[in-house]
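In: Okay, sequence plus prediction incoming.
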Amino acid sequence: MMRQFVVFFVLHLALLQYVASLTKGPRKIQSFFTRVRSLVPLKRDHGKGFTRNKDEIDNNIQTMFDQNKAWKKAKDAEDPDFFNNLGSKHEPRYMWIGCADARVPAEVITGEDAGSIFVVRNVANLVVNTDFNLMSALQYAVKELKVPHIVVCGHYNCGGIRAAMEQRDHSSPLENWLRNIRDVYRIHRKELDAIKDPEKRHRRLVELNVVEQCLGLYKTGKIQKARMANYMAGNPKHGYTTPCIHGCVFDPATGELKSLNINFRKYINELHEVYDLYGEDSEEIAAEVAAAALQD
């Protein structure tokens, strides 16, 4: 199939050049095709078709594999059982909902090791109830992995937050995603508009966005059901209701990760009548408590 595509492409290019030679300005059009070919240097790859700078691409990606070997060697020297343990169980203590920004790698900035953080990342660390990727991961983390802590981490100098503060269309699908941040601005517009310094306003929106995404977790049925069942069972495993929700912000310019110390009780008390899905007399919760007791 690839060979047929290449033959078709070459024949199509030859036809276009022939048509160009019949036009009034053949030199200009032919020079255009010459420039196009120069931008895409093709090489024969041992009868497998054409490739663009394959050797350069292979060398660049090889760096990752070389670094992996060095990392594995260091881990083996530090703890001979590390990979045996890592391969035999998956028991993370945290779920991390962070930004896709390359400067905010969860394990690196927290000093945690492989296996301790279950990570989901997207643009501007959003919790969107129509995001099947995040909601599926949340369900797995809460129901199967039973992580006791869920962290929503934003970061200053966030491109997604900055883009949402601009009054222009970034086109779909990015603009659809950024609208969720615009909604956060709308909710807190009075506070944000009162901040005259644009950079301070940006930093505050980063923080408020984290707050709203944490509240978004509390609104989900999976979190409510897990927390209610844990509470009704007397919080037997940890001594406190889980999963706990935490909001924090990372500053790439300083390397500091700081907790926002959010008073969730204040917010949740205002949300109960609208968002609560389960009561203490819920049959589903009673079944969840009974099932957990049997597992223990």
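Out: Perfect, I can see it now. Source: prediction; values computed, not measured.
In: all contacts plus neighbour counts: C-alpha atoms, from now on.
Out: Will do.
In: these two touch, right, Lys222 and Ala141?
Out: No - Lys222 is not in contact with Ala141 according to CA atoms under 8 Å; the separation is 9.9 Å.
In: out of the two, which sits in the busier spot?
Out: Ala141 (24 against 18; other CA atoms under 10 Å).
In: quick check: mean pLDDT across stretch 201-218?
Out: Mean per-residue pLDDT for stretch 201-218: 97.
In: in this protein, which segments are predicted with low confidence?
Out: 1-53, 289-296 (pLDDT under 70).
In: Now with 50, please.
Out: 6-7, 19-20, 22-26 (pLDDT under 50).
In: How much space separates the most centrally placed residue in it from Gly154?
Out: Computing the C-alpha centroid of the chain and ranking residues by CA atoms, centre = their mean puts Arg121 first, at 1.2 Å. For Arg121, the distance to Gly154 (CA to CA, to the nearest Å) stands at 10 Å.
In: Identify the contacts common to these two.
Out: Gly98, Cys99 (CA atoms under 8 Å, 6 or more residues apart in numbering).
In: which residue ranges form the helices in the stretch 151-296 of the chain?
Out: 159-164, 174-187, 189-193, 198-219, 221-232, 264-275, 283-295 (DSSP state H, counting those that start in this stretch).
In: Select, out of these, the one closest to His246.
Out: helix 198-219 (7.2 Å; CA to CA).
In: what about the closest one, distance to the chain center?
Out: 16 Å (CA atoms, centre = their mean, to the nearest Å).
In: The longest helix belonging to the chain: which residues count as buried?
Out: Longest helix of the chain, by residue count under DSSP state H: helix 54-78. By 16 or more other CA atoms under 10 Å, helix 54-78 has no buried positions at all.
In: other SSEs contacting that helix?
Out: Counting contacts by 3 or more CA pairs under 8 Å, 6 or more residues apart in numbering; DSSP states H and E, helix 54-78 is packed against helix 82-88.
In: Mind giving me the packing neighbours of the helix it packs on?
Out: Applying 3+ CA pairs under 8 Å, 6+ apart, we find helix 82-88 packed against helix 54-78.
In: From Val127, how far out is Cys153?
Out: 11 Å.
In: do the same with Ala229
Out: From Ala229 to Val127 the distance is 23 Å (CA to CA).
In: who's more crowded, Cys153 and Val127?
Out: The neighbour comparison of Cys153 against Val127 (other CA under 10 Å) goes to Cys153, with 31 against 24.
In: can you tell me which residues contact that one?
Out: Trp96, Ile97, Gly98, Cys99, Asn125, Val210, Gly247, Cys248, Val249, Phe250.
In: let's see it at 6 Å
Out: Neighbouring residues of Cys153 by CA atoms under 6 Å, 6 or more residues apart in numbering: Gly98, Cys248, Val249.
In: what about it, distance to Leu271?
Out: 22 Å.
In: And for the nearest residue to Tyr267 once chain neighbours are set aside, the neighbour number?
Out: Closest residue to Tyr267 apart from its sequence neighbours, by CA to CA, 6 or more residues apart in numbering: Leu215 at 7.8 Å. Using other CA under 10 Å, Leu215 has 18 neighbouring residues.
In: Could you report the distance from Leu215 to Ala106?
Out: 21 Å.
In: and if you look at Lys54?
Out: 32 Å.
In: Go through whichever strand or helix holds Leu138 and flag the buried ones.
Out: Leu138 is part of helix 132-139 when elements are defined by DSSP states H and E. Residues of helix 132-139 classed as buried: Leu134, Met135, Ala137, Leu138, Gln139 (neighbour count, 16+ other CA under 10 Å).
In: closest to Asp197 among those residues?
Out: Checking the buried residues of helix 132-139 against Asp197 with CA to CA, the nearest one is Leu134 at 33.6 Å.
In: Many thanks, we can stop here.
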